[in-house]
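In: Okay, structure incoming, though there's no sequence with it:
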């Protein structure tokens with residue numbers, strides 16, 4: 001199927017078009033655009049976490065138009081990712097086995113089993129952590145296991161009446177020696193997004209073929225919808241998520257029961273994801289799925305998605321570069337970072353705004369304005385007065401950042 005002509009990709013940077021040309025090349029000679037900024041090309045493939053696929057494709061094509069230094073850098077990143085995924089696979093099996101011994105049912109949402117299932121090779125997809133889904137009543141037991149394994153909890157939540165259970169949907173743990181992050185989820189998507197119960201997902205689980213001990217992950221349909229909902233929620237600012245959709249469409253038969261998909265709350269999200277994936281990756285859309293992409297809302301969302309990918313990707317790439325700047329500890333940079341986050345949450349791109357329900361939009365604003373545990377550390381208030389953290393939050397934030405800036409300047413003075 002040819003690329004979807006209804007979506008305008010003319011504003012894509014030349015280097016991003018070249019990346020897509022490489023990934024979408026099927027047969028014949030590969031013709032790349034001239035006057036390429038290869039440094040920017042590498043920046044793009046790394047940002048979009050798509051470098052393993054790009055390297056694999058270029059290694060197969062052996063195109064002389066690609067500078068040797070570019071191939072060498074892609075090869076280095078590819079190998080680094082392969083070792084990382086093998087490292088994650090071993091830890092995944094270890095964690096899964098210990099959870100099982102404590103009668104904790106867990107489903108992997110991301111990581112090596114998903115890479116193996118979608119691409120047939122764990123080296124072709126990146127993953128920085130292990131995301132697992134468990135039942136909420138098992139969260140405390142799961143934390144105890146991870147602490148014994150040497151993990152440290154990175155998240156601490158502000159709470160007045162245990163509302164963190166729905167304000168949050170996961171807890172992050174990090175192993176300082178192994179440099180591995182594990183995210184324990186009790187919801188596959190943030191509240192108030194509708195989703196199946198854990199038992200419903202568990203009934204359709206699949207067993208990974210990567211390990212000797214049982215490791216379970218989502219069923220095909222559930223994984224497909226989870227990845228689409230996740231990518232949509234983040235405005236597809238990493239094209240890896242769209243690549244997942246493309247490869248699943250090519251390797252799986254996901255639309256045998258279209259009417260069952262129509263019952264899912266994310267039906268229009270599926271249609272727009274197929275249209276966007278078709279535009280970027282020439283994803284073939286089977287006849288059974290044509291009714292999904294013909295939905296008016298799906299078409300409207302897909303048209304908004306292209307500019308969203310460009311805008312949010314650029315914002316994140318600029319933020320990543322700013323983090324490397326010499327003055328990243330300044331109050332100016334801190335304010336820019338905070339304003340950037342506020343813009344993303346409070347002034348969302350029309351695409352992100354329209355893909356969410358009214359309740360989701362209000363919840364995002366509430367989540368941003370809600371006090372943090374760091375503010376509770378600054379100012380201890382009795383439980384009866386905890387509501388005062390809400391009006392005090394701007395003052396506490398400024399005080400905390402001012403203290404941080406003062407420490408930074410003091411350190412710089414000592415180094416002179």
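Out: Now that the structure is in, tell me what you want to look at. Given the structure is predicted, the values throughout are model-derived calculations rather than measurements.
In: which is the next helix or strand following the helix or strand bottoming out on mean pLDDT in the chain?
Out: Ranked by mean pLDDT, DSSP states H and E, the weakest helix or strand in the chain is helix 331-346, scoring a mean of 48. Once helix 331-346 ends, the next helix or strand along the chain (criterion: DSSP states H and E) is helix 350-355.
In: and the following helix or strand past that following helix, what other elements does it pack with?
Out: Of the helices and strands lying after helix 350-355 in sequence (DSSP H and E), the nearest is helix 358-369. On a contact count with 3 or more C-beta pairs under 8 Å, 6 or more residues apart in numbering; DSSP states H and E, helix 358-369 meets helix 331-346. Every residue, glycine included, has its C-beta placed from N, CA and C.
In: so where is the stretch 301-416 of the chain shaky, pLDDT-wise?
Out: 316, 318-348, 401, 403-416 (pLDDT under 70).
In: Give me the buried positions along stretch 43-60.
Out: 44-58 (16 or more other C-beta atoms under 10 Å).
In: From the chain's centroid, how far away is it?
Out: Chain-centre distance of stretch 43-60: 17 Å, with C-alpha atoms, centre = their mean, to the nearest Å.
In: tell me the mean pLDDT over that stretch?
Out: Averaging pLDDT along stretch 43-60 yields 94.
In: residue ranges of the strands in the stretch 251-400 of the chain, please?
Out: Taking DSSP state E, counting those that start in this stretch as the criterion, the stretch 251-400 of the chain carries no strands.
In: how's this structure carved up into domains?
Out: Split into domains by automatic domain parsing, the chain comes to 87-218, 322-415.
In: Same list, those, but as JSON lines with distance to residue 228 please.
Out: Shown next, in JSON lines, are the domains of the chain (distance: least, C-beta to C-beta, whole Å):
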{"stretch": "domain 87-218", "distance to residue 228": "11"}
{"stretch": "domain 322-415", "distance to residue 228": "10"}
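In: now, of the ones you listed, which is deepest in the fold?
Out: domain 87-218 (a mean of 17; mean count of other C-beta atoms under 10 Å).
In: what does the average pLDDT come to for that one?
Out: For domain 87-218, mean pLDDT is 92.
In: Ends of that domain, what's the gap?
Out: 21 Å (C-alpha to C-alpha, to the nearest Å).
In: Kindly report the same for stretch 192-204.
Out: First-to-last distance for stretch 192-204 - C-alpha to C-alpha - comes to 23 Å.
In: Equivalent analysis for stretch 165-178, please.
Out: Termini of stretch 165-178 sit 28 Å apart (C-alpha to C-alpha).
In: what residues does that stretch touch?
Out: Stretch 165-178 is contacted by residues 87, 91, 129, 131, 136, 139, 143, 146, 149-155, 157, 180-191, 367, 370 when judged by C-beta atoms under 8 Å, 6 or more residues apart in numbering.
In: next one: stretch 186-202
Out: By C-beta under 8 Å, 6+ apart, stretch 186-202 touches 105, 107, 109, 133-136, 139, 165-167, 169-170, 216, 218-219, 222, 226, 229-230, 233, 265, 357, 359-360, 363.
In: burial of residue 274, as a residue count?
Out: Neighbourhood size, residue 274 [other C-beta atoms under 10 Å]: 27.
In: following the helix ranked longest in the chain, which helix or strand comes up?
Out: The residue-count maximum for a helix in the chain (DSSP state H) belongs to helix 68-101. Later in the chain than helix 68-101, the nearest helix or strand by DSSP H and E is strand 107-108.
In: Who are the packing partners of the helix or strand just after that following strand?
Out: Downstream of strand 107-108, the next assigned helix or strand under DSSP H and E is helix 112-119. Judged by 3+ C-beta pairs under 8 Å, 6+ apart, the packing partners of helix 112-119 are helix 68-101, strand 216-217, helix 240-251.
In: can you do 6 Å?
Out: When contacts are defined as 3 or more C-beta pairs under 6 Å, 6 or more residues apart in numbering; DSSP states H and E, helix 112-119 sits against helix 68-101, helix 240-251.
In: now the first one and helix 112-119, what's the angle there?
Out: What that stands for is helix 68-101. Using axes from the mean of the first three to the mean of the last three C-alpha atoms, to 10 degrees, one finds that helix 68-101 and helix 112-119 are set 120 degrees apart in direction.
In: how far out from the middle of the chain is helix 68-101?
Out: On C-alpha atoms, centre = their mean, the centre of helix 68-101 falls 17 Å from the chain's centre.
In: now swap in stretch 33-52 and tell me
Out: 19 Å.
In: neighbouring contacts of it?
Out: 14-16, 18-19, 54, 67, 70, 73-74, 77-78, 81, 124, 126, 238-240, 317 (C-beta atoms under 6 Å, 6 or more residues apart in numbering).
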